[in-house]
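Chemist: below is the sequence, then the predicted model.
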Amino acid sequence: MWQGIGVSAGRGVGRAVPIMTETPLPPDWSQPLSEQERLDGAVERLRALLSTVGPYREAPEAMAVLRAQLAVLNDPSLRAAIAGALADGATAEGAIEAAFAPFCAALSGNGGTEVAALRDSLLQLLQAPSAHSIPDHINGAVLVLKTVTPVLLCRLQGQRPAAVVSENGSYACHSAILLRALGVPAVFGVEDIAGAVQEGELLLVDGDSGTVTVQPNAQDSAFLQPLPCSGVDTEKISSAGGSNVRVNGTVGSVTEAQSVLQNGGDGIGLFRTELLFMAQERPPTEAAQLAVYAALAALMQDRETVIRTLDCGGDKPIGCLPPEKEDNPLLGRRGIRYCLDYPALFKTQLRALLRAAVYGNVKLLLPMVTTPEEVQAVRGLLKTCAAELEQEEQPYRTVPLGVMIETPSAALTADLLAREADFFSVGTNDLTGYVMAADRGNRAVSGWLDPFRPAVLRAVEMTLDSAKKTGIPVGVCGEAAADEAWLSLLAEKGVASVSVPPHAIAKMRRTLPPTRI
């Protein structure tokens, strides 16, 4: 069994199809093409591939990935740098290398890897027009690669592998986002597997646990059975303290919200609004946001619908927003800090959310909060927005305001934040990373990203204790929210809800006994 990082949930089993990157060919100097013509041809081929958006059209985050890649390819300064290098006598390959170098360096740790992958794709298409080709027999197979690029995934052209395994990549990389949009199970970060697996070997891939089993035996037969998605017992799970724990879904689109209902979810525990911004060339208008939020609220009706305000910055750069150049973006203007620094942008979203609340049980959730003053500032903006809507005779509804506990500061001052907030949501992914001082995108420190670490558990316990004293509910989202053992450790502290991906809702209901959370 091989161990990696599960980046796209689900289980897949099929015969291995290793795809090795083509060795670049030397330029064919017999062709009567100038370096500019060679380059233009490669750029057009790459642009055409990235424009193949069919299977991703309904997935905002996936569309944002493709648009981001195209934006880099079309960047005027990049094109000017390539043209300048060609004018100085460089080959097309040399011009690409020279032009991309400063881009990769400037974005190191914040998208540089993705830009480098785009550069490599362009070089491969320049030297081998058939690069990134996909075999004809991949339907139901498991693709095994050293690196999965967005360009390669655009080559699928309607074919659907059973799963994808890669030696490189992380949960947040562009290829992982595209695979999640396709619903294809995937495991990345499996060292040396590309050269070890033979074509035709049976592979069992678990995108939840991050494991890859070669030639699974009969004991794995039960594991191979698909999980049922219908006929779910929607009886709420009771905690050890006797209170009911709601099983909600974490989603980024109205389509995903529909799958929460199909899988027996109690509501929406986290709607990620940043995906609406990622899919746009400019910030979405109030009307555009209202359309999405209202559709979500109407779909869920009386069910809890927690909508997180714009969470950007750090590892979530958004091209349509004012650029942020920070030496350490993960400790910079993230989430609520960014929004409060751009009140006009933030008010547009808050107005849309207040108007959408008329259609359902909407609650607002603030990301990356570190101080009570930030919550107070948001309440002030909400009052301003409500007054404006009142004057404009626009229907609206006031909404509960929640705080995400995902920084050490928020956990340490949870007692103070509880006086300002109507509810808490513990974001286990970022909280674990910040408490343990470990970058979630750095595989070298992945061992520290463990929610069972005493420091993480104590931070969550402090939050739950403070909330209990104040009488506000606490939900849990992130990867640990779907971990029965982790939640069981905190059962007596009174978790009110968990928010997990739609596909994990049925698993939560099956695996967690009524008295375990």
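Modeler: Yep, it's here.
Chemist: find the nearest non-adjacent residue to residue 311, please.
Modeler: With CB to CB, 6 or more residues apart in numbering as the criterion, residue 311 has its nearest non-adjacent residue at 3.9 Å, and that residue is residue 367. For the C-beta atoms, the positions are set from N, CA and C on the backbone; glycine is no exception.
Chemist: the one you found: neighbour count?
Modeler: 28 (other CB atoms under 10 Å).
Chemist: go on, the one 3 residues further on?
Modeler: By other CB under 10 Å, the residues close to residue 370 number 18.
Chemist: ok so it is a strand residue?
Modeler: No. Counting by DSSP: H, G, I helix; E, B strand; the rest coil, residue 370 is not found in a strand; it is coil.
Chemist: correct me, but it touches residue 406?
Modeler: No. The pair residue 370 / residue 406 is not scored as a contact, 9.6 Å apart, by CB atoms under 8 Å.
Chemist: where does the prediction get shaky in the stretch 301-450 of the chain?
Modeler: The stretch 301-450 of the chain contains residues with pLDDT under 70 at 313-320, 322-330, 332, 440-441.
Chemist: which parts of the stretch 1-150 of the chain are helices?
Modeler: For the stretch 1-150 of the chain, the helices defined by DSSP state H, counting those that start in this stretch occupy 35-50, 60-73, 76-87, 92-106, 112-127, 150-154.
Chemist: pLDDT on the first one, on average?
Modeler: Rounded to a whole number, the mean pLDDT of helix 35-50 is 82.
Chemist: wait, is residue 373 part of a helix?
Modeler: Yes. According to three-state DSSP, residue 373 belongs to a helix.
Chemist: burial count for it?
Modeler: For residue 373, the neighbour count with other CB under 10 Å is 12.
Chemist: ok, residue 452 next?
Modeler: 12.
Chemist: what does residue 74 give?
Modeler: Residues lying near residue 74 (other CB under 10 Å) number 11.
Chemist: quick check on the residue nearest to residue 311: phi, psi?
Modeler: Dihedral pair for residue 367: phi -90, psi 150, per degrees, to the nearest 10.
Chemist: that one reaches residue 335, doesn't it?
Modeler: Yes. Look at residue 367 against residue 335 with CB under 8 Å: they come within range, at 3.6 Å.
Chemist: who touches both of those two?
Modeler: Residues touching both residue 367 and residue 335 (CB atoms under 8 Å, 6 or more residues apart in numbering): 310-311, 404.
Chemist: counting by contacts, list what the helix or strand harbouring residue 506 packs against.
Modeler: Using DSSP states H and E, residue 506 sits within helix 502-511. On a contact count with 3 or more CB pairs under 8 Å, 6 or more residues apart in numbering; DSSP states H and E, helix 502-511 meets strand 244-251, helix 254-262.
Chemist: change it to 10 Å
Modeler: In terms of contacts (3 or more CB pairs under 10 Å, 6 or more residues apart in numbering; DSSP states H and E), helix 502-511 is packed against strand 244-251, helix 254-262, helix 484-489, strand 497-500.
Chemist: quick check: angle from it to helix 254-262?
Modeler: Angular relation of helix 502-511 and helix 254-262 on a 0 to 180 degree scale: 20 degrees, by axes from the mean of the first three to the mean of the last three CA atoms, to 10 degrees.
Chemist: and helix 502-511 with strand 244-251, angle?
Modeler: Counting by the same axes, to 10 degrees, helix 502-511 lies at 160 degrees to strand 244-251.
Chemist: please verify my assumption that residue 2 contacts residue 215.
Modeler: No. The criterion here is CB atoms under 10 Å, and residue 2 misses it with residue 215 at 12.0 Å.
Chemist: which residues do these two both contact?
Modeler: residue 203 (CB atoms under 10 Å, 6 or more residues apart in numbering).
Chemist: so between those two, which is more surrounded?
Modeler: Neighbours per residue, other CB under 10 Å: of residue 2 and residue 215, the larger number sits with residue 2, 18 against 9.
Chemist: what are the buried residues along the host helix or strand of residue 338?
Modeler: In this structure, residue 338 sits in helix 336-341 according to DSSP H and E. Neighbour counts over helix 336-341 (16 or more other CB atoms under 10 Å) mark 336-340 as buried.
Chemist: next, the buried residues of the next helix or strand after that helix.
Modeler: Next helix or strand after helix 336-341 toward the C-terminus (DSSP H and E): helix 343-356. Using 16+ other CB under 10 Å as the test for burial, helix 343-356 gives 345-356.
Chemist: would you turn the helices of the stretch 1-150 of the chain into CSV with distance to residue 450 and mean neighbour count?
Modeler: Shown next, in CSV, are the helices of the stretch 1-150 of the chain (distance: least, CB to CB, whole Å; neighbours: other CB atoms under 10 Å):
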stretch, distance to residue 450, mean neighbour count
helix 35-50, 37, 17
helix 60-73, 26, 20
helix 76-87, 40, 15
helix 92-106, 31, 17
helix 112-127, 24, 20
helix 150-154, 30, 25
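Chemist: so for residue 415, which of those sits nearest?
Modeler: helix 60-73 (35.5 Å; CB to CB).
Chemist: got JSON lines for the helices of the stretch 1-150 of the chain, with distance to residue 466 too?
Modeler: As requested, these are exported to JSON lines (distance: least, CB to CB, whole Å):
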{"stretch": "helix 35-50", "distance to residue 466": "48"}
{"stretch": "helix 60-73", "distance to residue 466": "33"}
{"stretch": "helix 76-87", "distance to residue 466": "49"}
{"stretch": "helix 92-106", "distance to residue 466": "41"}
{"stretch": "helix 112-127", "distance to residue 466": "39"}
{"stretch": "helix 150-154", "distance to residue 466": "43"}
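Chemist: mind telling me which of those helices the model trusts least?
Modeler: Least confidently modelled of those is helix 60-73, at a mean of 71 by mean pLDDT.
Chemist: return the set of buried residues in the helix holding residue 506.
Modeler: Residues of helix 502-511 classed as buried by neighbour count (16+ other CB under 10 Å): 502-509.
Chemist: residue 99 versus residue 379, what's the distance?
Modeler: 48 Å (CB to CB, to the nearest Å).
Chemist: err, residue 39, not the other one
Modeler: Here the criterion is CB to CB. By it, residue 39 lies 10 Å from residue 99.
Chemist: overlap in contacts, those two.
Modeler: Residues touching both residue 39 and residue 99 comprise 79, 82-83, 86, with contact defined as CB under 10 Å, 6+ apart.
Chemist: can you tell me which of these lies nearest to residue 487?
Modeler: When the shared contacts of residue 39 and residue 99 are compared for distance to residue 487 (CB to CB), residue 79 wins out at 51.3 Å.
Chemist: wait, that closest one sits on residue 100?
Modeler: No. Between residue 79 and residue 100 there is no contact under CB under 10 Å: 11.5 Å.
Chemist: contact partners for the closest residue in space to residue 9 that isn't next to it in sequence?
Modeler: Nearest residue to residue 9 in three dimensions, chain neighbours excluded: residue 207, at 4.7 Å (CB to CB, 6+ apart). Applying CB under 10 Å, 6+ apart, we find residue 207 in contact with 4-12, 163-165, 176, 179-180, 184-188, 503.
Chemist: redo that, cut-off 6 Å
Modeler: By CB atoms under 6 Å, 6 or more residues apart in numbering, residue 207 lies in contact with 6, 8-10, 185-186.
Chemist: where's residue 403 relative to residue 425, distance?
Modeler: Distance, residue 403 to residue 425, using CB to CB: 7 Å.
Chemist: returning to that earlier point: what is the mean pLDDT for the helix holding residue 506?
Modeler: Average pLDDT, helix 502-511: 78.
Chemist: can you give me the offset of it from its chain's centre?
Modeler: Centroid separation between helix 502-511 and its chain, computed with CA atoms, centre = their mean, to the nearest Å, is 20 Å.
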